[in-house]
Structures are given as structure tokens and as C-alpha cells.
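> After the sequence you'll find the predicted model.
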Amino acid sequence: MNVLITGITGMVGSHFANATRARGWKTTGIARFSAASRIAATDDPAVIRCDITDARYLSEVFRKVQPDLVIHMAAQAFNGLSWAMENYTHQANIVGSLNVLQCCRAHAPEAKVLLACSSAEYGNVTEADNPLVEDRPLRPITPYGVSKVATEMLGYQYFLNYGLQVFLPRMFIHVGTGHPPATAIQNFARQIAQIAAGKLDPVVRVGNLESARDFIDVRDGVEAMMTLLDKGDPGVPINIATGTAHSIRDTLDMLIKASGLEVAVEADPALFRPTDEPLLLADNSRLRALGWVQGYSFQQTLDSVYADWVERSAQA
């Protein structure tokens with residue numbers, strides 16, 4: 001089995017590499033020249049430096065690797081950043097995904113293709129709309145969410161029109177180690193770890209604490225998507241989530257408690273978004289029907305993330 005993972009140096013891509021290599025599958029990755037990760041070494045010969053928006057070179061990579069399985073994780077992956085990087089978000093996520101699908105059609109038409117989709121596609125929902133089922137209308141409210149709807153629709157089109165085996169996991173927020181501080185949990189954990197190390201004053205700066213999200217440990221998420229590839233159906237969206245939501249405020253409280261510190265909390269206007277879904281909670285019955293079982297509690301996930309940032313802060 002030849003596996004090609006785009007975005008292999010990212011958090012999810014790196015954990016996917018661990019999972020596929022554990023099965024004994026030959027795994028090659030694509031990463032931008034500027035990408036770095038502590039999980040997938042940047043000098044790894046199995047990591048090919050390539051930007052997915054470069055269609056010509058991407059085609060050469062596919063021709064060389066001849067993958068039987070394509071895991072497409074490369075993207076501008078952050079909702080918050082998409083407001084400031086709207087053009088790049090659409091270029092990377094929509095055009096980049098189109099390039100990947102075109103390469104699959106040309107060079108790996110029999111391969112299974114896992115296309116990273118997102119809970120941000122649901123968008124404009126009320127608390128009464130939750131838990132979210134896969135068949136509900138998609139009404140994204142962020143540039144990132146729009147880009148992921150387009151990505152999923154491209155995947156469905158290539159499944160329907162060209163017979164590609166495209167799997168469509170709608171990934172709720174994945175949390176784990178080796179991630180930049182671009183999400184609330186990672187940002188909180190980093191600040192608290194730096195406070196513990198004496199590098200910051202005992203004040204955690206925050207954005208909107210009132211929203212709630214269905215967070216999933218990246219290890220559970222990767223296992224869920226491997227289960228989807230083993231037992232699921234192409235062309236059918238499926239929520240990758242736990243079925244339980246936690247508020248951002250409760251998440252912050254849990255991280256502070258884990259640290260054992262006394263800190264103040266201050267709102268930072270720069271951390272607020274123009275709009276923010278109040279609640280994104282998944283109905284994960286399709287996933288559970290495939291036999292997936294959650295392996296890590298939310299507290300275990302937060303403990304591992306905080307410990308990771310403590311280690312990183314000590315090394316910085």
C-alpha cells in the first residue's frame with residue numbers, strides 16, 4: 001500500500017503518518033518548503049517539498065508516488081486566520097484541493113482519497129439546530145468555512161462524475177500536541193505554560209469564551225478516519241466528533257486547574273472574530289455505526305496539550 005499524505009508536517013497529517021506506518025504501509029508526505037513540525041522531521045526523505053497550488057509539480061509527485069491512498073490534509077486550516085487571509089485561504093483550500101483531485105483522476109484513479117472537510121461548513125446555526133446531522137443545509141459564515149464547503153463539493157463532484165473513491169470526513173476541532181497556538185485551546189495552553197515558566201505575567205488574554213465546540217483528540221480523530229476508510233462509503237459526509245461539546249470558558253478553566261496556577265483573565269479585542277458560531281455539536285451516529293469508540297477523555301487531551309506546551313516553553 002502506497003500512501004500519500006498532503007500536509008504531513010501538520011498535526012493531523014503527522015498523526016496520520018504514524019497510523020499508516022504502524023500498519024506497515026509505505027508513506028510519503030507533501031509539505032510546503034516553509035513547513036516545520038516536531039512530529040514529522042523536516043529532513044525526512046519521505047517528505048517531498050511541494051505546494052499543492054503548484055499543479056505541475058504536484059502532478060510530478062503523484063506520477064512518482066503512484067498512491068493507493070491519498071490523505072489530503074494540506075490547507076490554510078484556521079478559521080480565525082481566514083478573515084485576515086481570505087484570498088490565500090480560498091487559493092490554498094479550493095484551488096489546492098482541485099489540483100489534488102485532478103492529480104488523483106490522472107495518476108491514481110483507483111486510489112481511495114480522504115478529503116479533509118470541516119464542521120465550519122455548518123456555519124449559521126442556532127443552539128436548537130444541534131446536534132448537527134450531516135444532511136442539514138450548509139451555511140458557512142467564515143471564509144474558511146466557505147472554502148471547506150467548496151472543497152467538499154469538489155470531492156463529491158469527482159466521486160459522482162469520475163468515480164473516484166472520495167471520502168468526506170467533516171472534521172470537528174481536532175486537539176493534540178505539536179500544534180501552533182492558532183486555536184483557543186493551544187493559545188490558552190501556551191500562555192499558561194509561559195506563565196508557569198515565568199516568561200509572562202499571570203494574565204491570560206482571551207477572545208469569546210461563550211461559544212462551545214465538539215472537540216476531539218487528534219488520535220481519536222485519526223482512528224475515526226481510518227475506520228471510515230476501512231468500513232465507510234465514499235461520497236457520504238460523516239461527522240468526525242465525540243458527540244459532546246465543551247464551552248471555551250470551561251476549557252480555559254480546566255487548563256488553569258491543570259496548571260495549579262492562579263491567573264487573571266482579560267479580554268483581548270484582537271482575539272474576537274467578526275462572527276462566531278455559538279455552538280457546534282455533532283451527531284456522530286454515522287461514525288459510531290462504523291464501530292468507532294472514543295479512546296481519550298477531554299481532560300486527558302487537555303493534560304497532554306498543556307504538558308506539551310510546558311515542554312516547549314522550557315526549550316524556548
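Received, thanks. Residues are numbered from 1 along each chain as shown.

> As a check, name the ranges of all strands in the stretch 1-150 of the chain.
In the stretch 1-150 of the chain, the strands defined using DSSP state E, counting those that start in this stretch lie at 2-6, 26-31, 47-49, 69-72, 112-115, 117-118.

> Mean neighbour count and mean pLDDT added to the ones you listed, as CSV?
To be clear about C-beta, it is placed using only N, CA and C from the backbone, and glycine gets the same treatment. Shown next, in CSV, are these (neighbours: other CB atoms under 10 Å; pLDDT from 0 to 100):
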stretch, mean neighbour count, mean pLDDT
strand 2-6, 25, 98
strand 26-31, 24, 96
strand 47-49, 18, 94
strand 69-72, 25, 98
strand 112-115, 24, 98
strand 117-118, 26, 98
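
> Throw those strands into TSV and include distance to A270, thanks.
Rendered in TSV, the data for the strands of the stretch 1-150 of the chain read as follows (distance: least, CB to CB, whole Å):
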stretch	distance to A270
strand 2-6	31
strand 26-31	29
strand 47-49	33
strand 69-72	32
strand 112-115	32
strand 117-118	23
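
> Can you name the residues in contact with stretch 247-255?
184-185, 188-189, 192, 204, 206, 208-213, 215, 265, 298-299, 302, 305-306 (CB atoms under 8 Å, 6 or more residues apart in numbering).

> So for it, mean pLDDT?
The pLDDT scores in stretch 247-255 average 96.

> Mind listing what's buried along it?
Residues of stretch 247-255 classed as buried: 248, 251-252, 254-255 (neighbour count, 16 or more other CB atoms under 10 Å).

> Please save the CA atoms from that stretch in CSV.
Presented in CSV, the C-alpha positions along stretch 247-255 are these (Å, rounded to 0.1, in the frame of the first residue of the first chain):
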residue,chain,number,x,y,z
SER,A,247,-17.6,25.8,26.2
ILE,A,248,-14.4,27.8,25.6
ARG,A,249,-14.8,29.2,29.2
ASP,A,250,-14.9,25.7,30.7
THR,A,251,-11.9,24.6,28.6
LEU,A,252,-9.9,27.6,29.9
ASP,A,253,-10.9,26.7,33.5
MET,A,254,-9.8,23.1,33.0
LEU,A,255,-6.4,24.2,31.7
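
> Which stretch among the strands of the stretch 1-150 of the chain approaches N87 most closely?
strand 117-118 (18.7 Å; CB to CB).
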